[in-house]
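In: sequence unknown, structure follows:
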C-alpha cells in the first residue's frame, strides 16, 4: 500500500514538474533552450526505487507528455522506460552518492534520450534532420540538466534515500517473534 501511495505522489510530483518546466523554465532559458527535468526525475526514480516501479512511472510520465504535447503517442513513454532501465543498471554498478558519478549519469542519460528522441521523431514524423542546430540544443540542454542536478544534489540525495528505504527494505519475518 505504501508503494502505491508513493506512486500516486510521484505522478502528482510529475504534474508539478510539468508546470514547473512549462511555466517557470520558459522564463529562464539559455539561448532559448530549457532543461528537460523529466530526464532527471526518471533517472532519480530509477536510481532510488525498484526497477518495476520506476519503469511504470516512467512510461506513464512519457505517455502523459505525449498526450499533452500532441506528439506521436508512445515514443516518449518508450524512451523514459528505457531511461528507467538504464538507471537501474547504473544503480547496480555505480555509486549514486558520489556527485561526480551522478553528473556523469545525467550527461549520459540526457545525451542518449535526446538523440534517440530526435531521430525517432524525425523518422516517425518525416522531418528533415538538422545536425548543427540539434548539437547546439543538445549541448545547452545537457549543461542545463547538469547545472540543475548540481544545485539540487543534496535534495535529490535526501529524497532518494527516503524512497530507497521504502523500496529496498527487507521485510523478513524471523522464526521467533
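Out: Structure's in. What do you need? Note that this is a predicted model, so its numbers are computed, not measured. Residues are numbered from 1 along each chain as shown.

In: where in the protein is pLDDT low?
Out: For the chain, the stretches flagged by pLDDT under 70 are 169-177.

In: show me what the biggest helix by length in the chain is packed against.
Out: The residue-count maximum for a helix in the chain (DSSP state H) belongs to helix 99-125. Judged by 3 or more C-beta pairs under 8 Å, 6 or more residues apart in numbering; DSSP states H and E, helix 99-125 is in contact with helix 37-48, helix 75-93, helix 131-151, helix 153-168. In short, each C-beta sits where N, CA and C put it, glycine included.

In: between it and helix 75-93, how big is the angle?
Out: 150 degrees (axes from the mean of the first three to the mean of the last three C-alpha atoms, to 10 degrees).

In: most tightly surrounded among the helices and strands packed on helix 99-125?
Out: Stretch with highest mean neighbour count among these: helix 37-48 (a mean of 25; mean count of other C-beta atoms under 10 Å).

In: between that helix and helix 75-93, how big is the angle?
Out: Using the same axes, to 10 degrees: helix 37-48 against helix 75-93 is 40 degrees.

In: list the buried residues for the next helix or strand after helix 37-48?
Out: Going down the chain from helix 37-48, the next helix or strand is helix 51-69, by DSSP states H and E. Neighbour counts over helix 51-69 (16 or more other C-beta atoms under 10 Å) mark 51, 53-66 as buried.

In: out of the helices and strands packed on helix 99-125, which gets nearest to residue 103?
Out: helix 131-151 (5.5 Å; C-beta to C-beta).

In: residues in contact with the closest one?
Out: Residues outside helix 131-151 that contact it (C-beta atoms under 8 Å, 6 or more residues apart in numbering) are 30-31, 33-37, 39-40, 99, 102-103, 106-107, 110-111, 114-115, 118, 156.
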